[in-house]
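>>> For reference, the sequence and a predicted model appear below.
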Amino acid sequence: MERYEALGKAREAGLNLVEVDPKSDPPVCRIMDYGKWLYEQKRRIRESRRSGQHHYSILKEIRLRPETDKHDLAVKLNHAREFLERGHKVQFTMFFRGRQMLHQDRGYAMLNEIAESMEDLAKVERPSRMANRRMTLLLVPK
């Protein structure tokens, strides 16, 4: 009789009698909030997927121009350091316009300087090379 009273109070509280292990002898049942339990299970699955996403790297792009100022370049390098510490790949892309195409050597020099300054965190996966009006350098974390 006490069990039935407990079940009545549990139902009033929004709890259900849930069969936990039907294969055992006798079957195991539990009084719980089934909706809450389902929600928590879905959340656990979502969290496990989210934590599993760190196995692949994301490509982050940082865009430059040949006339990028030293301070602006330092800020962009700090962003690149953060990306590399998180395990992302970083691609530096330098765009050239008009007469800037005559000074591609400045672009190569700037990208080589970037590669040297990032040497402690990253290695060069694809060295700087020119493609049409853009020059790219790809760094990956060590």
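Alright, I've got the coordinates.

>>> Now do the buried residues in stretch 50-69.
Of all the residues in stretch 50-69, those buried under the rule 16 or more other Cβ atoms under 10 Å are 60, 62, 64, 66. Every C-beta, even on glycine, is put in place using the N, C-alpha and C of the backbone.

>>> Pick the one among the residues you listed closest to residue 39.
Relative to residue 39, the closest of the buried residues of stretch 50-69 is residue 60; by Cβ to Cβ it sits at 34.6 Å.

>>> State the distance from that closest one to residue 125.
Distance from residue 60 to residue 125, counting by Cβ to Cβ, to the nearest Å: 13 Å.

>>> tell me, what's touching these two both at once?
Counting by Cβ atoms under 8 Å, 6 or more residues apart in numbering, the shared contacts of residue 60 and residue 125 are residue 89.

>>> Count the residues that sit near the nearest residue to residue 33 once chain neighbours are set aside.
Computed as Cβ to Cβ, 6 or more residues apart in numbering, the closest residue to residue 33 that is not its neighbour in sequence is residue 15, at 5.5 Å. Per other Cβ atoms under 10 Å, the neighbour tally for residue 15 reads 17.

>>> Quick check, pLDDT for residue 15.
pLDDT recorded at residue 15 is 79.

>>> any chance you could read off phi and psi for it?
phi -100, psi 160 (degrees, to the nearest 10).

>>> How about the contacts made by it?
Listed by Cβ under 8 Å, 6+ apart, the contact set of residue 15 reads 31-33.

>>> a markdown table for these, including distance to residue 106 and neighbour count?
What follows is these, written out as a markdown table (distance: Cβ to Cβ, whole Å; neighbours: other Cβ atoms under 10 Å):
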| residue | distance to residue 106 | neighbour count |
| --- | --- | --- |
| 31 | 74 | 15 |
| 32 | 68 | 14 |
| 33 | 66 | 15 |
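
>>> Check which element follows the helix or strand bottoming out on mean pLDDT in the chain along the chain.
Least confident element among the helices and strands of the chain, by mean pLDDT, DSSP states H and E: helix 2-12 (a mean of 63). Using DSSP states H and E, the next helix or strand after helix 2-12 towards the C-terminus is strand 16-21.
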